[in-house]
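>>> need coordinates for the following:
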Amino acid sequence: MMHLTATKPELNVVFDQTGTPTYAMDLAGAVMAVLDDWRGDMAGDPSRNGGIYHYSNEGVCSWYDFTKMIAEYAGNAGCDVRPCHSDEFPSPVKRPSYSVLDKTKIKETFGLRIPYWTDSLKTCIANLKKTMYKRSIVITGGAGFIGSHVVRLFVNKYPEYRIINLDKLTYAGNLANLKDIEERPNYRFVRMDVCDFEGFSALMRE
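Predicted structure coming up:
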């Protein structure tokens, strides 16, 4: 959905299927908590807390709500996300309209505090942004009249690249030239003099 909301002007997403998104890192943490509990019971009865447990993040949302938040947190404001019915996407699979899981048992048994889905979504997208780009491209003087057009072209044409706009913002630089892309996930502005060797070297190490 990050890619779709970054590359499509509009997107139809079902609003009549409700569940709870789950961040894999949160699920992995819950599994580790269960394993730690099991190891602690090895001297006694390791099967004491055996059984079936449900896990997901906290909260409830539709696929439409989920996509709207992905677009917001990823900075893909240019995509018009619209709600639609499931029957607009014919499928041989019968999907439940409500698939929220009761997590009371796993929380009480293992003392888990489960994050709300929007909090975990923010963390997930922040982590994805660090690793999702094929390469980084630095454009110097990108806040000027000509440079801003180059920056905008690269940001829109290459969503898989991270575009770094490096500008000292002297008399010719104006960030208002790039107001329309300042929230795009693959765009970053750095105020710096290109002659600042130490600063530029630190930027390259990132």
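
>>> contact partners for the most centrally placed residue in the chain?
In the chain, the C-alpha closest to the average C-alpha coordinate belongs to I125, at a distance of 2.1 Å (C-alpha atoms, centre = their mean). I125 is in contact with M2, I70, Y73, A74, P185, counting by C-beta atoms under 8 Å, 6 or more residues apart in numbering. All C-beta atoms are positioned from the backbone trio N, CA, C, and that covers glycine.

>>> and D193, by the same measure?
Contacts of D193 by C-beta under 8 Å, 6+ apart are K168, G199.

>>> how about it, secondary structure?
coil (DSSP: H, G, I helix; E, B strand; the rest coil).

>>> please apply the same query to I52.
coil.

>>> what are the buried residues along the helix ranked longest in the chain?
Determined from DSSP state H, the single longest helix within the chain is helix 24-40. Using 16 or more other C-beta atoms under 10 Å as the test for burial, helix 24-40 gives D26, A30, V34.

>>> C-terminal to that helix, what's the next element?
Downstream of helix 24-40, the first helix or strand assigned by DSSP states H and E is strand 61-62.

>>> just the helices in the chain please.
Counting by DSSP H, the helices of the chain are 2-7, 24-40, 63-74, 104-110, 117-131, 145-157, 197-205.

>>> quick check, distance from the last one to the centre of its chain.
Which is helix 197-205. 27 Å (C-alpha atoms, centre = their mean, to the nearest Å).

>>> list of residues touching that helix?
Under C-beta under 8 Å, 6+ apart, the answer for helix 197-205 is V138, I164, L166, V190, M192, D193, V194.

>>> quick check: nearest residue in space to L128, chain neighbours excluded?
M2 (6.9 Å; C-beta to C-beta, 6 or more residues apart in numbering).

>>> which residues touch the one you found?
Neighbours of M2 in contact, by C-beta under 8 Å, 6+ apart: I70, A74, N76, I125, L128, M132, P185.

>>> most neighbours of all those, which one?
Highest neighbour count within the contacts of M2: N76, with 25 neighbours (other C-beta atoms under 10 Å).
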